[in-house]
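**Student:** pasted the sequence and its predicted model underneath.
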Amino acid sequence: MPIRSMNASVARNEPTAIERAYACEPAAGDNPVWIHRVDKADALGQARLARGSPAGPLAGLPFAVKDNIDVAGMPTTAACQAYAYQPQKSATAVQRLLDAGAVCVGKTNMDQFATGLAGMRSPYGECRNAFHPDYISGGSSSGSALAVALGLAEFALGTDTAGSGRVPAAFNNLVGLKPTRGLVSTAGVVPACRTLDCVSVFARSCGRALQVLETMQGYDPADPFSRAGSSVSLKEKNIKFAVPADLEFYGDTEYARLFEQALRRLGGERVPIDFTPYLVTQQLLYDGPWLSERTAQLEAFMQKHAQDMHPVTRAVIAGGSRFSAIDAFRGQYQLAELRRETRAVWRAADVLVVPGAPTIYKRAEVLADPVAMNARLGLYTNFVNLLDLAAITVPAGFRSDGLPFGITLIGPAFSDRALASLGARFLGEEPIAMPAATVRVAVVGAHLSGMALNGQLTERGAVRQREARTSRDYRLYDLADGRPGLVKGGHGACIEVEVWEMTTAAFGSFVAQIPPPLGIGTLQLEDGEQVKGFVCEAHAVAGKKDITASGGWRRYLNSK
C-alpha cells in the first residue's frame, strides 16, 4: 500500500533508511517503477560512506532519479533503449545531492523522452497508479512519483516541462515541487524543451521537497540557462488567491468538490480571474512552435531510429517539423504579449491556485485516445514554464473511490520557498521560515574577496554567491586612487565581478559608506540576471586609464 505520510523516524546518517526503502519493494508488485535498480548491498555501502563523511543535510536518505537525468555508473535511456548511453559523470543536480550524503537507489521509468502526462508511453511498461492499478500514474515522471508513493525512496527527481512533476504528484498523493526555470541546473539532463525544462522534486512533505531543492539549486556555468534571483515572498496573512472564474473538470464532480473544499481550507480571499490567456499560452506548447524544440532535440535520432520509438511519442515529436522559423518568431511575440497580460494577476492576488489536474483517467481510456486525454491532463499545468512561474502541487484529499486529488499553488519566478511555506501551512506541517528580504550586489574592486574593503561586506553578514561577469555593455577604468570605475555605455567587455547577498537593512548601511564618484546602480550580468552593483559617474573617468581589456580589477592588478 502507498505510504501517505513521511516516516518521521528517518534519521540522518542511518543506513536503516535504505533498508526500509528496499523492504517496501513488494509494494510495487509488477508495477514497472524501475529501469535500473541499484543492488541493496551497494546502496547500503553508499550509505555507510556517507555516514563516515562530514554529515550532509540528506546523509543516508535514499532517492530515485528519472531516467533522463544522468547518474554516473548507470545508463541513461530516456525510456528508449536505442538511445541509451553511459554518462561519465552525474548531472549537476544529482551530484549536489550525492555531495549532501543522499544515496541514489535507481533510475525510474518514464514516458519516453519526457513526452506525456499519463505514464503510458514507455517500452519498459505502463506505470499504474499507486492507489488503484486500473488508473494512470501520471507522467512523464511516473516512475519517480511511484518510487516515493510506494516507499521505495525518500524523495525522487523528475523533470517538468509541461506538468510532469505536478500531475503525477496529484495522482499519487505527493508533493511535487516545480522550481523556477534555471534555479536548478539542467546540465546532464536529456532535453525535452531546453528553454523550458526543469528538474523537479517528489516528496511526502513540502519541507522535504524544499530541502532537496535548496540542496540542488545554484548557478552552474555548465548550463547556459542557469540563473539566480532574489527570493520572492508572500504575505503571511490575508492572502489573496487567484482562481480561474470558469473551471473545467470534464464531469468529475468529486474533483470539483475537493477543489472547493481545498479553497476553504486555504482561507484568505478568493479572486476570480479570466483564465483565457493561460489557456492560450498552454496551447503554444504542443499546438505551437515550442513543439519544434522537441523535434530539434531528437531529429537526428528519429531519422535513424524511428522504429525504436514509442509510436505515440514518435508521432507527437515528428509533428514539430510542420512549424517554420517564422512561426517560432511569431510565437515568441505572442508569448511576450501573454506574459505581459498575465502579469497583471500579481497586482490583484498573491498566488494562483488551480487543480493539479481536471480529472484522472483509467489506463484503458488513455489507450483509446492517448493524445486527447493527455491534452486534457495538462489543462492546468502547460502554461507555467512558458510564463516563467514557480509551482508546487500538494495533496488535497481523496475521491470516494480512494483516488487522490491535489491542488497546485503557482507564483512568480523565485517564489519557490514562499510557495513551499504556503503548502506546508495547508498540509499542517511544521512551519517553513521565510528568510529576511535580501539584495544581491555585484562588487568589482576593493570589495572583492581578499581585498582591502571586503570586510565592509562580511561584517554585515553578506554571503558571497558566485563569480560572474557583466554583459558587454561596460568599460572599466583605473581612477588612480586605488579604485576602479565601471561605466555603462559604448562597446565594452564582460567585466569580472563577485555577486554577494545581504539583507536589505545591511544593504542600506553599506551604500551609505560609498563615496563619490562611485554609487550603486543596476548591473546587467552576462547570463541575463540584473543585480545592484558599483557604477561610476561618467565625468570621473575622463583622462583615466581604460583597463577594459584586462577583463577585471583583480586581473589588472596582477598584471601590473
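**Tutor:** Cool, the structure landed.
**Student:** most centrally placed residue in this structure?
**Tutor:** When the chain is reduced to its mean C-alpha position, the closest residue under CA atoms, centre = their mean turns out to be Pro179, at 2.7 Å.
**Student:** who are the contact partners of it?
**Tutor:** Contacts here follow CB atoms under 8 Å, 6 or more residues apart in numbering; on that basis Pro179 touches Cys198, Val199, Ser200, Val201, Leu213, Gln217, Ala390, Asp416. Using the backbone N, CA and C atoms, a C-beta is placed for each residue, glycine as well.
**Student:** and the third one, that one's in a strand?
**Tutor:** Yes: per DSSP: H, G, I helix; E, B strand; the rest coil, Ser200 lies within a strand segment.
**Student:** was I right about it contacting Gly158?
**Tutor:** Yes: using CB atoms under 8 Å, Ser200 makes contact with Gly158 at a distance of 4.5 Å.
**Student:** other SSEs contacting the worst-scoring helix or strand of the chain on mean pLDDT?
**Tutor:** Least confident helix or strand, the chain: helix 40-52 with a mean of 83, by mean pLDDT, DSSP states H and E. With contacts defined as 3 or more CB pairs under 8 Å, 6 or more residues apart in numbering; DSSP states H and E, the secondary structure elements packing on helix 40-52 are helix 16-23, strand 103-108.
**Student:** next SSE downstream of it?
**Tutor:** strand 62-66 (DSSP states H and E).
**Student:** report the inter-axis angle for that next one versus strand 103-108.
**Tutor:** An angle of 30 degrees separates the directions of strand 62-66 and strand 103-108 when computed by axes from the mean of the first three to the mean of the last three CA atoms, to 10 degrees.
**Student:** give me every residue that touches Ala100.
**Tutor:** Shown here is Ala100, whose contacts under the criterion CB under 8 Å, 6+ apart are Gly56, Pro57, Leu58, Ala59, Thr215.
**Student:** okay, strands next: where are they in the stretch 301-450 of the chain?
**Tutor:** Shown for the stretch 301-450 of the chain, the strands assigned by DSSP state E, counting those that start in this stretch span residues 351-355, 389-398, 404-412, 438-443.
**Student:** to Ala452, which of the ones you listed lies closest?
**Tutor:** strand 438-443 (12.0 Å; CB to CB).
**Student:** now do that closest one: distance to the chain's middle.
**Tutor:** Centre-to-centre, strand 438-443 and its host chain are 23 Å apart (CA atoms, centre = their mean, to the nearest Å).
**Student:** and what of stretch 145-162?
**Tutor:** Stretch 145-162 has its average C-alpha position 14 Å from the chain's average C-alpha position, going by CA atoms, centre = their mean.
**Student:** can I get it in PDB, CA atoms only?
**Tutor:** Only the C-alpha atoms of stretch 145-162 are listed here, as PDB (Å, rounded to 0.1, in the frame of the first residue of the first chain):
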ATOM      1  CA  ALA A 145       6.400   9.600  -8.300                       C
ATOM      2  CA  LEU A 146       5.700   5.900  -7.700                       C
ATOM      3  CA  ALA A 147       9.100   5.400  -6.100                       C
ATOM      4  CA  VAL A 148       8.100   7.900  -3.400                       C
ATOM      5  CA  ALA A 149       4.400   6.900  -3.100                       C
ATOM      6  CA  LEU A 150       5.300   3.300  -2.600                       C
ATOM      7  CA  GLY A 151       8.000   4.000  -0.100                       C
ATOM      8  CA  LEU A 152      10.900   2.900  -2.300                       C
ATOM      9  CA  ALA A 153      12.700   6.200  -1.900                       C
ATOM     10  CA  GLU A 154      12.500   9.100   0.500                       C
ATOM     11  CA  PHE A 155      12.400  11.600  -2.400                       C
ATOM     12  CA  ALA A 156      12.800  11.500  -6.200                       C
ATOM     13  CA  LEU A 157      13.800  13.700  -9.100                       C
ATOM     14  CA  GLY A 158      11.600  14.200 -12.100                       C
ATOM     15  CA  THR A 159      11.600  16.700 -14.900                       C
ATOM     16  CA  ASP A 160       8.800  19.200 -15.600                       C
ATOM     17  CA  THR A 161       8.400  20.900 -18.900                       C
ATOM     18  CA  ALA A 162       4.600  20.700 -19.300                       C
END
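**Student:** list the buried residues in it.
**Tutor:** 145-162 (16 or more other CB atoms under 10 Å).
**Student:** counting only helices, which of those residues make the cut?
**Tutor:** When helices are assigned by DSSP state H, the members of the buried residues of stretch 145-162 inside them are Ala145, Leu146, Ala147, Val148, Ala149.
**Student:** so the residue lying farthest from the centre of the chain, which state does it fall into?
**Tutor:** Summary for the chain: using CA atoms, centre = their mean, the residue whose C-alpha lies farthest from the chain's mean C-alpha position is Gly543, with a distance of 47.9 Å. Taking three-state DSSP as the rule, one finds Gly543 in the coil state.
**Student:** look up how far Val189 lies from it.
**Tutor:** 51 Å (CB to CB, to the nearest Å).
**Student:** residue ranges with poor pLDDT in the protein?
**Tutor:** Using pLDDT under 70 as the threshold, the predicted model of the chain has low-confidence ranges 1-15, 51-55.
**Student:** what about the helices in the stretch 351-500 of the chain?
**Tutor:** Secondary structure of the stretch 351-500 of the chain (DSSP state H, counting those that start in this stretch): helices located at 363-368, 370-377, 416-427, 455-458.
**Student:** hmm, back to that, between the contacts of Pro179, which is closest to Arg399?
**Tutor:** Relative to Arg399, and with distances defined as CB to CB, the nearest of the contacts of Pro179 is Ser200, at 24.4 Å.
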